[in-house]
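> take this sequence and fold it.
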Amino acid sequence: MSPIPLTFASGLYDRMVPLATGEVRPSGIDLNFLDVHHPRDVFDRMASGQEFDASELSSSEYITGYAAGKRDLIALPVFPSRAFRHGFIAVNTDRIKRPQDLNGKRVGVQHYTMTAAVWIRGLLQHDYGVDLSSIEWVEGKMEGPGSHGKPSSLPPLKPVKIVQNTDPTKSLSDLLEDGTIDATIGADLPACLFDEKAPHIARLFPNFKQVEQEYFQRTGIFPIMHLVAMRRDFYDQHKWAATNLYNALDESKELARKRMNFTGALRYMLPWLPAELDEIRKTFGEDCWPYGIEPNRKTLEALVQFLEEQSMIEKKVSIEELFAPVRTTNFKIV
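This is a model prediction of the structure:
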């Protein structure tokens with residue numbers, strides 16, 4: 001039987017490179033890898049037009065859609081993007097000295113429903129007692145006026161104070177610098193944070209690496225931003241393809257991990273990569289980026305909990321329900 005064609009869209013992360021180059025090939029699949037640089041472009045094209053057979057996708061958009069009965073996609077337990085988010089909270093230090101000072105303030109966010117914002121609000125609420133209901137959320141681009149893409153996420157099920165940045169000349173970064181808003185959260189940091197002319201703008205957690213390490217050691221959570229989703233009609237016709245694509249993605253990731261750990265010649269422009277790798281192994285063990293449900297259960301359950309608490313889903317859904325069943329090969333390349 002000839003391999004079936006499958007178009008897969010994702011950012012060209014290190015863990016995707018062996019798959020993109022064809023060094024790793026999913027069995028029975030003729031893979032067409034599309035490198036789409038900006039995640040928002042992939043999400044919008046997949047969620048609204050299903051332009052790909054499978055793709056990287058926002059975790060929160062997928063889960064909220066699934067919980068609302070939208071079943072045209074099915075997820076694979078592959079997580080192309082993860083990031084701790086304590087370091088992605090920028091504040092006006094004239095007004096915000098500690099997390100609780102965010103109560104009653106105006107906070108910019110690219111999209112209220114974006115996964116990065118869900119994680120940030122969850123940690124602010126649970127770890128620092130921030131009253132999310134007291135905050136007015138201002139949506140817009142971090143750099144430039146207007147909106148940040150065209151997300152398919154459903155609006156919150158309960159009233160939330162969300163307004164749009166209607167200034168036709170200013171970005172969220174501009175609004176933070178001029179004092180119109182008090183902070184920003186999201187997947188990007190505002191440019192004004194790095195501008196010497198804006199000394200009043202800083203990270204809420206200047207020692208964010210230490211705070212994030214302590215968060216992981218305490219909770220076991222390494223926040224998941226993106227998963228991989230497959231068109232339901234494609235999956236229904238070729239259920240075996242979910243397993244084969246999953247295992248190819250896992251093998252590709254393992255090859256990237258092996259090469260990152262070879263420090264005789266640094267693969268990345270990170271002068272102290274060997275020291276970072278030692279620290280990563282001490283914190284996470286051998287694999288800081290596992291795929292599959294079980295090694296990520298605690299993180300996935302926290303995300304579902306935050307989505308329910310933030311009125312983005314009516315009730316929790318089981319983790320197993322969200323993902324296609326796959327038979328994992330569990331590649332470990334040493």
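> and the gap between Pro156 and Asn165?
18 Å (Cβ to Cβ, to the nearest Å). Where C-beta positions appear, they are placed from N, C-alpha and C, glycine not excepted.
> more neighbours: these two, which one.
Set Pro156 next to Asn165 and count neighbours by other Cβ atoms under 10 Å: Asn165 wins out with 21 against 16.
> I'd like to know how far the residue nearest to that one when sequence neighbours are not counted sits from His200.
Counting by Cβ to Cβ, 6 or more residues apart in numbering, Asn165 lies nearest to Gly140, which is 3.1 Å off, once chain neighbours are set aside. Distance, Gly140 to His200, by Cβ to Cβ: 20 Å.
> longest strand in the chain, please.
strand 73-82 (DSSP state E).
> mind listing what's buried in the helix or strand of the chain with the lowest mean pLDDT?
Every helix and strand of the chain was ranked by mean pLDDT, DSSP states H and E. The lowest is helix 39-49, at a mean of 92. Neighbour counts over helix 39-49 (16 or more other Cβ atoms under 10 Å) mark 39-40, 42-47 as buried.
> before we move on, what about stretch 84-104?
84-92, 96, 99, 101-102.
> where along the stretch 1-150 of the chain do the helices fall?
Applying DSSP state H, counting those that start in this stretch to the stretch 1-150 of the chain gives helices spanning 17-21, 39-49, 59-67, 115-128.
> looking at those helices, which is closest to Met260?
helix 17-21 (11.0 Å; Cβ to Cβ).
> so which elements touch that closest one?
With contacts taken as 3 or more Cβ pairs under 8 Å, 6 or more residues apart in numbering; DSSP states H and E, helix 17-21 sits against strand 29-35, helix 240-260.
> most tightly surrounded among these?
helix 240-260 (a mean of 21; mean count of other Cβ atoms under 10 Å).
> what about it, average pLDDT?
Helix 240-260 shows a mean pLDDT of 97.
> pull out the buried positions in the next helix or strand after that helix.
Once helix 240-260 ends, the next helix or strand along the chain (criterion: DSSP states H and E) is helix 273-284. By neighbour count with 16+ other Cβ under 10 Å, helix 273-284 contains the buried residues 273, 280.
> what packs against helix 273-284?
helix 208-219.
> now do the SS call for the residue sitting nearest the centre point of the chain.
The residue lying closest to the centre of the chain (Cα atoms, centre = their mean) is Met225, at 1.7 Å. Classification of Met225 using DSSP: H, G, I helix; E, B strand; the rest coil returns strand.
> low-confidence ranges in the stretch 101-250 of the chain?
The model of the stretch 101-250 of the chain has pLDDT under 70 over residues 151-153.
> mind doing that once more with 90?
Of all residues in the stretch 101-250 of the chain, those with pLDDT under 90 make up the ranges 146-158.
> can you give the domain ranges for the chain?
As given by automatic domain parsing, the domain ranges for the chain are 4-82+223-296, 86-219.
> can I get these in CSV including distance to Leu322?
CSV is the format used below for those (distance: least, Cβ to Cβ, whole Å):
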stretch, distance to Leu322
domain 4-82+223-296, 6
domain 86-219, 14
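> just give me the closest of the buried residues of helix 39-49 to Glu279.
Pro39 (26.8 Å).
> now the closest one: how far from Gln50?
17 Å.
> could you do Glu212 as well?
35 Å.
> more neighbours, those two?
Shown here are Glu212 and Gln50; by other Cβ under 10 Å, Glu212 has more neighbours (20 against 16).
> wouldn't the more buried one be in contact with Phe88 here?
No. Using Cβ atoms under 8 Å as the test, Glu212 is too far from Phe88 to be in contact (10.4 Å).
> thinking again about what came up before, in terms of secondary structure, what does the least confident helix or strand of the chain contact?
Going by 3+ Cβ pairs under 8 Å, 6+ apart, helix 39-49 lies up against strand 4-10, strand 54-58, helix 59-67, strand 73-82.
> what's the angle from it to strand 29-35?
Counting by axes from the mean of the first three to the mean of the last three Cα atoms, to 10 degrees, helix 39-49 points 130 degrees away from the direction of strand 29-35.
> pull the CA atoms of helix 39-49 into PDB?
Provided in PDB are the C-alpha atoms of helix 39-49 (Å, rounded to 0.1, in the frame of the first residue of the first chain):
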ATOM      1  CA  PRO A  39       2.100  30.100  15.800                       C
ATOM      2  CA  ARG A  40      -0.800  32.500  15.500                       C
ATOM      3  CA  ASP A  41      -0.900  32.000  11.700                       C
ATOM      4  CA  VAL A  42      -0.900  28.200  12.100                       C
ATOM      5  CA  PHE A  43      -3.700  28.300  14.700                       C
ATOM      6  CA  ASP A  44      -5.900  30.600  12.700                       C
ATOM      7  CA  ARG A  45      -5.500  28.600   9.500                       C
ATOM      8  CA  MET A  46      -6.100  25.300  11.200                       C
ATOM      9  CA  ALA A  47      -9.000  26.200  13.500                       C
ATOM     10  CA  SER A  48     -11.000  28.300  11.000                       C
ATOM     11  CA  GLY A  49     -10.200  26.700   7.700                       C
END
